[in-house]
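> Prediction below, plus the sequence it came from.
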Amino acid sequence: MKVKEVAQKIEPKMKKTIEAFQHEIASIRTGKATTTLLDRVKVEAYGQLMPLKQVGNIGVMDVHTLIVQVWDKSMVSATERAIRDANLGLNPSADGQNIRVSIPPLTEERRKEFVKLTKKFGEDSKVSLRNLRRDMIHEIEKLEKDKAISEDDKNRGKKEADDLLHKFEKQLSDLIAQKEKEIMEV
């Protein structure tokens, strides 16, 4: 196995870390209605917890209102309760089989909490990226120890690992800054 093969094995894992981070921050409120806001909501349905998406359709009515069309009429109150209890600061109201979810404007304090949360998710992702870099370097050093590559190849591999890390950390930093700007926008 060569250094390029090690890098080709690690790079997709780093991309997955970025994608996981993007998924995490998508559910952080910004004051605007988005369907991803309700992604983490689980509804007690038929004796088990189910994602809200499996109980009804989620749509955006306007900039400050989401609408959930529940498929089973008997699930409306459970769905409403699940949204209220999801700790998102939302107060849904049922209207027949539809549930309206008004997105209240964020207070300055709440905005700062969401920025902190975004940065925490970002820091966790950076740790994951650094662990992947460490694994890559460890594999490269093992190849050199087994005499599969030269010391020069090992050094080039370490530099490549650092370059990969910097590339993905920059993407992560850009995403954090973008989300922070979205959250703080009034």
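Looks like it arrived, so ask away.
> residue ranges of the strands in the chain, please?
For the chain, the strands defined by DSSP state E occupy 42-45, 48-51, 56-62, 65-70, 91-95, 98-102.
> Which strands and helices lie in contact with the longest helix along the chain?
Counting by DSSP state H, the longest helix found in the chain is helix 108-145. Applying 3 or more Cβ pairs under 8 Å, 6 or more residues apart in numbering; DSSP states H and E, one finds that helix 108-145 makes contact with helix 3-26, helix 151-184. Any C-beta I mention is one placed from the backbone N, CA and C, and that applies to glycine too.
> what angle do it and helix 151-184 make?
Put simply, helix 108-145 runs at 170 degrees to helix 151-184, going by axes from the mean of the first three to the mean of the last three Cα atoms, to 10 degrees.
> how far out from the middle of the chain is helix 108-145?
13 Å (Cα atoms, centre = their mean, to the nearest Å).
> hang on, the earlier thing: what about the helices and strands packed on helix 108-145, which gets the closest to residue 80?
helix 3-26 (22.7 Å; Cβ to Cβ).
> domain ranges for this protein?
3-27+107-184, 35-102 (automatic domain parsing).
> Over to the last one now: how far is its first residue from its last?
When you say that, I think you mean domain 35-102. Using Cα to Cα, to the nearest Å, the end-to-end distance of domain 35-102 comes to 12 Å.
> if I pick the spatially most central residue of the chain, what's in contact with it?
For the chain, the residue nearest the mean C-alpha position is residue 24 (1.8 Å; Cα atoms, centre = their mean). Listed by Cβ atoms under 8 Å, 6 or more residues apart in numbering, the contact set of residue 24 reads residue 121.
> Same question for the one 10 residues further on.
The neighbourhood of residue 34, defined by Cβ under 8 Å, 6+ apart, consists of 26, 60.
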